[in-house]
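# Let me see the structure of the following:
(3 chains)
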Amino acid sequence: MINHNVDVAVIGGGPAGLVAAVSAQEHGVKNVLVLDRNSWLGGILPQCIHDGFGVEETGSSMTGPEYAEMYIDMAKKQKISFMNETMVLDFDKKLEITAVNREGLHRIKAKSVVLAMGCREKTRWNVMIPGDRPSGIYTAGVAQSFINLYNIMPGRNIVILGSGDVGLIMARRLKFEGANVKGVVEILPYASGLTRNVVQCLDDYDIPLYLNHTITYIEGCDRLKSVTIARVDENLEVVPGSEEKIECDTLLLSLGLIPENELSKTTGVEIDNVTGGPIVDQFFETSVPGVFACGNCLQVYDTVDVLAKGAKLAGWYAARHAMKQRKDIQKHIQVVAGEGIRHVIPQRICKDGKISFTLRVEKPQQTAKLHLTVDGKEIFIKKLLWINPANMVEIDIDIPDEIIRSKSELEVTIDG
Amino acid sequence: MKNFHVAIIGGGVIGSAIAWELSKYKLDIVVFEKGCDVASGNSKANSGVIHSGINSPHGSLKARYCVEGNKMLRSLTDQLGFSLKWTGKYVIAKNEDETKELERLKKVGAENNVPGLEIQNGSDIKKTEPNVSCYAGLWVPAAGVILPYEFTIVLAENAAINDVIFLLETNVIGLKKKNDGFVIETDKGVFQSQILVNAAGLGCRNIVSMVEKPDFQLYPCRGEYLVLDKNYNDLITSMIYPVPVKELGVLGVHITPTIEGNILLGPSAEFIDDPDDRRTTKDMMRTLLLEAKEIIPSLPDKAVINAYSGIRCKLASSDEGGWADYRVEESKQTPGLVNLLGIESPGLTSAPAIAKEVTRMISKYIELKTKNHFKTKKKGKRFSEMSSAEQSDLIKKDKRWGRVVCRCEHITEAEVLRALSNPLGARSLSSVKYRCRAGMGRCQGGFCTQHIVRIMEEEFNMNLKDINLGLPASNLFYGRTREIQK
Amino acid sequence: MDEREITCIVCPIGCKMLVRTDGTRFELLDGSKCKRGVEYAKSEALDPRRFLTSSVFVEKGEWPLVSVKTTKLIPKDKIVQVLNSIKGARVRAPVKLGQKIIKNIENTGIDIVATKSVKILQI
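Presented below is the predicted three-dimensional model:
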């Protein structure tokens, strides 16, 4: 066992981990260690060769690899340590991490830990598409890694299920590389990705978008041969007789992301069943003292910019914890996602002050009012325009001291 | 033309068990397998259950081989190192009427010498299985679970290191009976053999028809399964089977804990025309979940991580009741052709016993001389199962034990290399999956696939177009994004 | 003069505007909600441009490909040519982020630059 003592250990060297590590170091800790399972840093960013990253943060629209390298350079300048091709096997409530790499087994004792493991992609079986089990079925991210990192083409005649940004970006990427993209299938009546991507990835290239459709059958003994699509009604039930077979050799699944929290669960970190990530307070601290969470393992973000804001705070607070500079924490009050709200982060608040909330609404609305109520009394109201579940809402609200001290629940609701 | 003593058609669990048993003797043996690996067909697509023998009528071959095989497996697991867990089974009755069936099964079990059978009432069962609701149940301690693909691979690889030749991706396309044996035409060449063992599973009738007119029909009966996330593995401890549905002669929708900690729901039972139709259907997936929830009300909807189908090789049609005994016999018309027909449940359990029976049959033709140096390769431990000291030690000897390539199951690069270096020469993504488990976790290959492919290209110099999922034509890729000009 | 629909991408609303254009003249018929939207529709109708990203083959690098981008927006009607030109290009490791891979691609006056660094492959 190789032993290490660090101030802040960051599990995951993707955008969240890098930003958190840089922030921790900037806030005064000397010894920050980032552990990542891959030989490279940046997590998923090196394969995201399209632009759209860091617009808010830097004013320019960077590509994924550029954004990653920006933070990697910062981290290296700040003498942050890295362990690559290293898998964290577990960590306990004493903040002792067991990890393994080619050098052997490592025990890392940290004063605080930042969870930044990112997420994994939903698979065919998460939505239970019946049929055969041929080759040629890829989640969008895996297909993207093959095309962009390993110089391998996964297919020629493509159908994409899911119109989130990853699916739309991949439609264009495959088209650029000479594939025949036969269409993008989306169960909802609207695309879940940005309009910009619908226009620049599909419309520009005459790639059909099948809204209100789903895939009901996969055919192919060895390699994929065809998929059957069908229309769905308002209840997302298949309309019988509307089935249409599309011949293809590749099916890309862009069904959504699941925060990766196997490690968190093993340690006993409390998980929010709706977000799939840890329950945190405004300091991004989980239910285990000294363990902080940020990035896609906390909740699935839409843009790296908003993710980075949270990661900066998580890194700062993890540093503060490591340096034993925490101010008195009062009793937690719960933040409840009420009517019209799918989830809110943080799920609890332990101190007064300005709190950056991020939330998702249940359904799309042109105009709506966001309410914050405590025991029925409204303490905050804001008008929101053009909201939908696919776009995370960010709101900074000042929570006064008396609310923390006297109340036990803060409810967030939305009405149209 | 290479001449063998015994040629086995089919590298499933039956073919592999026979190959291993025969490999103890000084014989030249070849196994023809049309898939990219052993256990390509139903040997990997079943429940993995080691049956006790209560389900087969006394006096049948099914009962005999099942009970024999069940006993043999107890020592085989130590000898070969494959995993086996004696979870036991509860056959449960919903009401008093169904209890009669429990009594009947207990009686059959007693006739078949199955030990430890005991009828318990619902409230007693609730003590050991708090999530199961039933009226009463039959406790069968002599039932267990294995990983059927692991078992088959271990048998086949042990046969291979004892000189059995496995020809993968090899289809038998013609047979001729000569005086002293058989001429076997395959798509990879022509071979000769004194004895021919037909362990071709669903292909068994095609094989027979190459030399004689078959006196039987095959009735493929598909069974669909759902695999549940390991997170729910504490819902049950033993197998939970509802009382058998009499009409079909099949066992019904079962709830089976696997060795790896997943839960299997299924199989369904549907007679179909095409023996290769392994589809999973929306209706059946719904039915499996609904029926399972009747037994375990707390079963969640979103727990499914995989689904697959197996196809039973039945000798009796649905109209005929769907039940027929095994036919393990030498063909009367074609001496030297040993046929294994209709090997459905409890086929996995029966495999070692059937292998001994076939060896007995062959001994009438060929003198069996025991090998002096019979080798055994026990299945190695997984990195994730070792102690820290063992892990550190291994990494010092070979750094590749320290690089984890499958995040969900913590499988290392060394284990992937070990899997790809198997003595059968099987090199598909599935070969890796079934040997070291990489790709069988929650993310279903989302992380490891790219790393396994890289290892295949760099360490094994595999050509991109030869990298496939499991079946011969299941290529993963279509060339390069940018061509590499030499 | 052609009538066509243009979906605005400036803000999440995504207004659909009806415009009339022949490539040199522009007339907004219906659908605009703001000044930025009209400006966007005008540029889309008269001089549509796109930002392109792709990959270039790397010789002797740690990675076989380096991701690249156009330094400025490319005219939409040149996309296919530019992409083909990128596909045929090769670069030798080491590659530095920002390095010019192709100068003045397809006579657009725009360069193709690397968006990541690729080290030489150590054997």
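# hey, let's count contacts and neighbours off CA atoms from now on
Will do.
# Distance-wise, check A:Ile341 relative to A:Leu370.
Per Cα to Cα, to the nearest Å, A:Ile341 is found 9 Å from A:Leu370.
# Then A:Phe53?
Using Cα to Cα, we find A:Phe53 at a distance of 28 Å from A:Leu370.
# and if you look at A:Phe91?
39 Å.
# who's in contact with the residue of chain C found nearest chain B?
In chain C, the residue found nearest to chain B is C:Phe57; the distance is 6.1 Å by Cα to the nearest Cα. Contacts were defined as Cα atoms under 8 Å, 6 or more residues apart in numbering or on different chains; by that measure C:Phe57 touches B:Arg482, C:Pro64, C:Leu65, C:Val66, C:Lys87, C:Ala89, C:Arg90, C:Val91.
# Out of the residues you listed, which are close to chain A?
B:Arg482, C:Pro64, C:Leu65 (Cα under 8 Å from any Cα of the partner chain).
# Generate JSON lines for the residues you listed, with pLDDT as supplementary columns.
As requested, the ones next to chain A among the contacts of C:Phe57 are arranged in JSON lines below (pLDDT from 0 to 100):
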{"residue": "B:Arg482", "pLDDT": "93"}
{"residue": "C:Pro64", "pLDDT": "96"}
{"residue": "C:Leu65", "pLDDT": "97"}
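# Now go through the residues you listed and say which are in strands.
Counting by DSSP state E, the members of the ones next to chain A among the contacts of C:Phe57 that fall within strands are C:Leu65.
# need the contact list for the closest residue to B:Ser384 other than its chain neighbours.
Residue nearest to B:Ser384 in three dimensions, not counting chain neighbours: B:His410, with 6.1 Å by Cα to Cα, 6 or more residues apart in numbering or on different chains. Going by Cα under 8 Å, 6+ apart, B:His410 touches A:Leu89, B:Phe383, B:Ser384, B:Val404.
# List the contacts of A:Val288.
The neighbours of A:Val288, taking Cα under 8 Å, 6+ apart as the test, are A:Lys93, A:Gly268, A:Val269.
# If you rank those residues by neighbours, which is first?
With neighbours set by other Cα atoms under 10 Å in any protein chain shown, the maximum within the contacts of A:Val288 is found at A:Val269, which has 22 neighbours.
# can you pull the pLDDT of it?
If you check A:Val269, the pLDDT there is 97.
# And B:Arg360, by the same measure?
B:Arg360 is assigned 97 on the pLDDT scale.
# residues near it, how many?
Applying other Cα under 10 Å, we find 13 residues neighbouring B:Arg360.
# That one in helix, strand or coil?
Applying DSSP: H, G, I helix; E, B strand; the rest coil to B:Arg360 yields a three-state assignment of helix.
# tell me the contacts of the residue positioned nearest the centre of chain C?
When chain C is reduced to its mean C-alpha position, the nearest residue by Cα atoms, centre = their mean turns out to be C:Phe51, at 2.2 Å. Contacts of C:Phe51 were listed using Cα under 8 Å, 6+ apart, and they are C:Lys69, C:Thr70, C:Lys72, C:Leu73, C:Ile74.
# phi, psi of the residue in chain B that chain C sits nearest to?
In chain B, no residue comes nearer to chain C than B:Arg482, which is 6.1 Å away by Cα to the nearest Cα. When read as degrees, to the nearest 10, the backbone of B:Arg482 gives phi -130, psi 130.
# again with B:Trp20
Its backbone dihedrals place B:Trp20 at phi -70, psi -40, with angles given as degrees, to the nearest 10.
# Please tell me the pLDDT value assigned to the residue nearest to B:Ser384.
94.
# Equivalent analysis for A:Pro364, please.
Listed pLDDT for A:Pro364 reads 88.
# Next one: it from chain B, what distance?
A:Pro364 is 25 Å from chain B, where distance means Cα to the nearest Cα, to the nearest Å.
# Just the buried residues of the worst-scoring helix or strand of chain C on mean pLDDT, please?
Ranked by mean pLDDT, DSSP states H and E, the weakest helix or strand in chain C is strand C:26-30, scoring a mean of 83. Residues of strand C:26-30 classed as buried under the neighbour-count rule (16 or more other Cα atoms under 10 Å in any protein chain shown) are C:Phe26, C:Glu27.
# Report the rounded mean pLDDT for the helix or strand hosting A:Lys312.
Secondary structure from DSSP states H and E places A:Lys312 in helix A:304-322. For helix A:304-322, the mean per-residue pLDDT is 97.
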